[in-house]
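Asks: need a structure here:
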Amino acid sequence: MVHLPTESFTETEMLLYWNKYAQRLGDKGYKIMESLLLINDPKLNGTAITIELPNEGSKLDFEKELNGLLGHLKGHLHNHDITIEVIVNESVESKRNFNDQDRYNRLLEINPNIELLRTTFGLDLDA
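Replies: Below you'll find the model as predicted:
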C-alpha cells in the first residue's frame, strides 16, 4: 500500500503556492486562467479549499485547470487530502481595488511595449 503524505499546512502556505501557480500560468501566457485564480483569495477549511467565482463560465474555465492546480498544491504542501470546491456567486466582484497605477503595471506585465507607447506620446497616468 502506498502511503501518500498528509502533512498539515496553513492558509498562508496554501495561498503562497496558489499564487505561484497562477503566476506560472500567467508567465506561460494563460492570462485569463491566471486572473480567475487571483479573482479573490481561496479559503481553507482543513484540507478543503473553496474559491468563489462570478459565473458559471468562469467555473467551467477554472475546472479545466483544476487537476494541474490540485497536483501542484498536493505536491508542494505534501498533503494528498486537498480538495478544491468552486462556488459560483454572481454577486462576487473582484475584491481587489485597482488604481490607475495598478492597472498600468498589470498592462505593462502583459505587454512591455506599453512603456514605449506611453513615452512616445507623452502619456501620463495623472491626466
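Asks: only C-alpha atoms from now on, for both contacts and neighbour counts.
Replies: OK.
Asks: centre-most residue in the chain?
Replies: residue 37 (2.5 Å; CA atoms, centre = their mean).
Asks: need phi/psi at it.
Replies: phi -70, psi -30 (degrees, to the nearest 10).
Asks: for residue 61, give me the pLDDT.
Replies: Residue 61 carries a pLDDT value of 91.
Asks: wait, it touches residue 31, no?
Replies: No: the criterion here is CA atoms under 8 Å, and residue 61 misses it with residue 31 at 12.0 Å.
Asks: before we move on, the earlier item: just list the residues touching the residue nearest to the centre of the chain, thanks.
Replies: By CA atoms under 8 Å, 6 or more residues apart in numbering, the contact list for residue 37 reads 18, 19, 22, 62.
Asks: next one, pLDDT for it please.
Replies: pLDDT recorded at residue 37 is 94.
Asks: what of residue 122?
Replies: On the pLDDT scale, residue 122 gets 83.
Asks: what do you get for the one 5 residues further on?
Replies: Reading off the confidence values, residue 127 has pLDDT 48.
Asks: circling back to that earlier point, can you select the buried ones among the contacts of residue 37 for me in ChimeraX?
Replies: Of the contacts of residue 37, the buried ones go into a single ChimeraX selection, burial set by 16 or more other CA atoms under 10 Å:
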select :18,22,62
